[in-house]
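Undergrad: Just to be clear, the model below is a prediction. Sequence and coordinates:
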Amino acid sequence: MARRPSPLSHEEFVAICRRLDEGDPARADLKAATMHLVALLVARAPGASVEVRIPPFAAVQCIAGARHTRGTPPAVVEMDAPTWIALGRGRLQWTDAKVRASGERSDLSPLLPLDEA
């Protein structure tokens, strides 16, 4: 069973975001910010009806509803890490983001932003 992601402190996230905003982000900062925001999403919308994928850093299930256990889930949301971080910080609107989303409950906009650092 996969380990549930843990959020960073707000101060740690702010420091990472400062480095990200300076440009040419380090892979470690992209991963840390991605995992922080995924942890906040899972805490805000627990469940297993939607799979959120941010390759290569994260894939989690969230949002209450029918639990998915095998194969491709009925609802999948996938995007790259910079898009996820911008959405999670409130720097990008869901309607403007390049996101692959399919299935019921795959619109994450009511849950965003997650941490406006």
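TA: Alright, I've got the coordinates. Numbering: from 1, shown residues only.

Undergrad: and Glu11, what element?
TA: Assigned by DSSP states H and E, Glu11 falls within helix 10-21.

Undergrad: List of residues touching that helix?
TA: For helix 10-21, the external contacting residues (CB atoms under 8 Å, 6 or more residues apart in numbering) are 7-8, 25-26, 29-30, 32-33, 36, 85, 89, 115, 117. Yep, even glycine has a C-beta here, placed from its N, CA and C like the rest.

Undergrad: Give the buried residues for that helix.
TA: Neighbour-count burial for helix 10-21, counted by 16 or more other CB atoms under 10 Å, picks out Phe13, Ile16, Cys17, Leu20.

Undergrad: Give the buried residues for whichever helix in the chain runs longest.
TA: The helix spanning the most residues in the chain, taking DSSP state H as the definition, is helix 27-44. Buried residues in helix 27-44, counted by 16+ other CB under 10 Å: 29-42.

Undergrad: Sounds good, over and out.
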